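1. Sequence and computational prediction follow.
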Amino acid sequence: MSIHDIIQGKKEWRAHVARVKALPQDYQVVYKEIQNYFFKVGPVELTEGTGLLSGIVDLFEEGAARGKGVLEVTGRDVAAFCDDLIQDSKTYADIYSESVDPNRNKE
């Protein structure tokens, strides 16, 4: 990874954070909880830029523009909303399990 890539990544992250801060307060709170959940669960695609998180901000911006409350967008069970988003994503736990037992998912 070059210095240029690192600088570009920081610029993208700062722009992403600015979008989150522009959301209504209830959306910001739920976004932070989703972000924390993803950082704990560890979907691998989080290391590939802000794509997944930016998609959530897109959804939240649209919901806020339509005057919806954040729980109208996500549903009351925010953890289930998160699980649905990453259900087909590989997590770091999956990678570790496969490295320990390479035959785990081969049936």
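-> Yep, it's here.
2. Nearest the geometric middle of this structure, what residue?
-> residue 53 (3.7 Å; Cα atoms, centre = their mean).
3. Show the pLDDT at it.
-> Looking at residue 53, its pLDDT reads 87.
4. I figured it was touching residue 35, is that so?
-> Yes - assessed by Cβ atoms under 8 Å, residue 53 is found in contact with residue 35 at 6.5 Å. C-beta coordinates here come from the backbone N, C-alpha and C atoms, glycine included.
5. which helices and strands sit right next to the helix-or-strand element of the chain with minimal mean pLDDT?
-> Comparing helices and strands within the chain by mean pLDDT, DSSP states H and E singles out helix 92-100 as the least confident, with a mean of 75. Packing partners of helix 92-100 (3 or more Cβ pairs under 8 Å, 6 or more residues apart in numbering; DSSP states H and E): none among the helices and strands.
6. Quick check: buried residues in the helix of greatest length in the chain?
-> Identified as the longest helix of the chain according to DSSP state H is helix 3-21. For helix 3-21, the buried set under the neighbour-count rule, 16 or more other Cβ atoms under 10 Å, comprises 19-20.
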